[in-house]
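Novice: build me a model:
(2 chains)
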Amino acid sequence: MNRELIKALEKPSPFGPDIDLSNYVLGEPKIHDKLEVGDDFIKASSRVGLEDDSKLNYVQIDESAMYDALRESLRKYNVRILPLKKALEEFTYVKDLVWRLVRPDLDKYTAANYLYGGELGYFIYVPPHTKVPIPIYSCLAITTNNKLQLAHNVVYVDEGSEVQVVTGCLVPHGIKSGLHVGVSEFYVGRNAKLTFAMIHAWSEGVHVRPRTGVRVYAGGEYVSYYIIYSPVASLQTYPTITLDFSSKASSSSVIAGSGEGVYDVGTKVILEGDSSSAELISKVIAKDSADIYARSDITAETVGKGHVECLGLLLSPKSKISSIPALTSKKPGAILSHEAAIGVIAQEELEYLMSKGFKEDEAKSIIIRGFIDIDMRSIPLTVKSEINKVLDLIARNAATT
Amino acid sequence: MLTVKGLEVCVDGRSIVRGVDLSVGSNELHVIIGPNGSGKSTLLAAIMGLSRVNICGGSIIFEGSDITHMPSYERAKLGIALAHQNPPSIKGVKFSEVVRNLIKRCGCSDYTITSKMLRVDEFMQRDLFVGFSGGERKRAELYLVMLQNPKLALLDEPDSGVDLESLNLIAEAINLLVRRGSSVVLVTHSGSILSKLYRVNRVHLMLGGTIVYSGLADEVIPLVFKHGFKKAAEILGKVLSGG
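Specialist: You can find the predicted model right below:
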């Protein structure tokens, strides 16, 4: 296996620019069972709306993991939160959950994570029939230039349970280069629900390669919110969600590209069980010379429903948005649809708001904020307000030239 | 308050408004009446400073300042507000969001009264003008103008395409606007709202891009209703020339 994996270290991803892993430095993984972060980190984490460190359950700075498994607020729900490495040592069942939804030899990034990551990253387990009303927060940051950060996250929401997980990934201002490879495997049990929000704030020189697999068992529901609003060197991700009988998934992505970055963001859903359904929504805005690919793919192996919507807004003549939807039906009776539109801010709308006394930047900001608005009916108020804060910031940043 | 002198306005290189003079005093209500395509909306767009119209001659003076080439948002800050004839539908932007911004900026204190008067509460959480009926659209747009607490309100066809109930609410709101001290320039082609207004100081008859006659409401409106715009203009023209 290891020989094959070493070979896989040369295997590029079919999408996104290829990155030479040897350009980056990987440190020795460390785990601290105390969660203490400095002021610099707290300041930086405000970029992803997580400046209140008292609510963080897991923090990974470069290759140092810190966690607090005994957060008072979560203790009564018997939720387990600990670094994956420790979870593998403490609970035998965890080994059956790792590298099942994301293959280690998928590409060079997963191979590197498998071989050298030391299984840093978080493990979250929610016991059966437990509705956790408090969101679980984690934050991963690269704080040293040229660093390769590897993280492997596993979430298992057991039968009939519900939980919200919020993860922020970022670099503080001043970090010029780095590579983040996060592998995530999420299991949503029968009739369970996982709401997962991920907010990314990187910088011009950072490459990002998240690899995500999600399995939703019968009657379960997976709700995903993904937001990227900073410049990056490149970001490429294509999570795969597999749906069993009568389960559903909805994914809302807001991709606000800027600088000269390549953003290649997709979601793939396999409708494996009867009556499963999926809705994939992308709101994409591109300024400067950003080059954005919004991919989506729904494959109906059985009778299910799927809808893809991709809306793009070009804010500069040098930016580019490509919407690439794919629908595949292998079963008569499956209903799949997609709609896509890419445009610019309508002059008429801008002129209207300016006549109400808004300066051009303010008017643009209002229109962009409206454009990137996403349906957040099913998520708790605290998470909603954090996401809204980030969306407000995106609209303000996008409107300024 | 407002003095327009020899105004020439072009749209896409075509002359639409020609040599218009208009003078509106403080707390006066003026009506500009004329057929479709006579340049009424273009005149209001030019006074508001919308970028789709191009002022190619003349001047606009507001409270002593020349605003002829000032951008619209600065005119709005000076106290000019326009109720657009066809405000655009803006997906994702909540009506309440624009309301909140205007209340914050303009400090309008009676927004609850006006929202009840114009019955706009019910669509606060809807996207701006998306799927609004004709009456809802006009009421919502007039509400936004009232929130701006304008010194000069430019109302472009607030009475077109609305049902009788909405028409009454809109007239009531315009009367309140005047009572609050605003000057109003109201453009209409149907004149259906005029009988519901408490006070009209002056009526201007506009044809072919020009104001052909300015006079009192009792002098102009009955003739327009009886003979139509052109014939009324001819009759009034004869009066003007002593014929």
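Novice: helix/strand/coil for the residue nearest the centre of chain B?
Specialist: With distances taken as Cα atoms, centre = their mean, B:Leu155 lies nearest the centre of chain B, 1.9 Å away. Recorded secondary structure, B:Leu155: strand (DSSP: H, G, I helix; E, B strand; the rest coil).
Novice: what residues are up against it?
Specialist: The contact partners of B:Leu155, taken as Cβ atoms under 8 Å, 6 or more residues apart in numbering or on different chains, are B:Leu82, B:Ala83, B:Leu142, B:Val145, B:Ile174, B:Val184, B:Val185, B:Leu186, B:Val187. Quick note: C-beta positions are derived from backbone N, CA and C, even for glycine.
Novice: which parts of chain B sit against chain A?
Specialist: By Cβ under 8 Å from any Cβ of the partner chain, the residues of chain B that approach chain A are B:48-52, B:71-73, B:76-77, B:81-82, B:84, B:87-88, B:90-94, B:97-98, B:101-102, B:105-106, B:127-128, B:144, B:148.
Novice: go with 7 Å
Specialist: Contact residues, chain B versus chain A (Cβ under 7 Å from any Cβ of the partner chain): B:48, B:50-52, B:72-73, B:76-77, B:82, B:84, B:87-88, B:90-93, B:97-98, B:102, B:105, B:144, B:148.
Novice: list buried residues within those residues.
Specialist: Among these, the ones that count as buried by 16 or more other Cβ atoms under 10 Å in any protein chain shown are B:48, B:50, B:72-73, B:76, B:82, B:84, B:87-88, B:90, B:92-93, B:97-98, B:102, B:105, B:144, B:148.
Novice: any idea which of the contacts of B:Leu155 is closest to chain A?
Specialist: B:Leu82 (5.3 Å; Cβ to the nearest Cβ).
Novice: okay, and the closest one sits in which element?
Specialist: strand B:80-83 (DSSP states H and E).
Novice: A:Ile367 belongs to a strand, doesn't it?
Specialist: No: A:Ile367 is assigned helix when assessed by three-state DSSP, not a strand.
Novice: ok, it - contacts?
Specialist: A:Ile345, A:Glu349, A:Leu350, B:Ile90, B:Val93 (Cβ atoms under 7 Å, 6 or more residues apart in numbering or on different chains).
Novice: flag every buried residue along stretch B:163-172.
Specialist: B:Ser166, B:Leu167, B:Leu169, B:Ile170, B:Ala171, B:Glu172.
Novice: again with stretch A:286-295
Specialist: Using 16+ other Cβ under 10 Å as the burial criterion, the residues of stretch A:286-295 that qualify are A:Ala286, A:Lys287, A:Ser289, A:Ala290, A:Asp291, A:Ile292, A:Tyr293, A:Ala294, A:Arg295.
Novice: ranges for the helices of chain B?
Specialist: B:40-48, B:72-78, B:95-106, B:111-117, B:134-147, B:164-179, B:217-227, B:229-241 (DSSP state H).
Novice: can you say which of those is packed in most?
Specialist: Comparing those by mean neighbour count (mean count of other Cβ atoms under 10 Å in any protein chain shown), helix B:40-48 ranks first with a mean of 25.
Novice: now do it: which elements does it pack against?
Specialist: In terms of contacts (3 or more Cβ pairs under 7 Å, 6 or more residues apart in numbering or on different chains; DSSP states H and E), helix B:40-48 is packed against strand B:2-11, strand B:14-24, strand B:80-83, strand B:152-156, strand B:183-188.
Novice: pLDDT averaged over it - what is it?
Specialist: Per-residue pLDDT over helix B:40-48 has a mean of 97.
Novice: got the angle for that helix vs strand B:2-11?
Specialist: 120 degrees (axes from the mean of the first three to the mean of the last three Cα atoms, to 10 degrees).
Novice: which residues sit against helix B:40-48?
Specialist: A:355, B:4, B:7, B:9, B:11, B:16-17, B:20, B:32, B:34, B:52-53, B:55, B:60, B:72, B:75, B:80, B:82, B:85, B:154, B:156, B:185, B:187, B:206.
Novice: show me the shaky parts of the chain.
Specialist: All of this refers to chain A. Scanning chain A with the threshold set as pLDDT under 70 gives A:1, A:51, A:69-72, A:401.
Novice: not what I meant, chain B
Specialist: In chain B, residues with pLDDT under 70: B:239-243.
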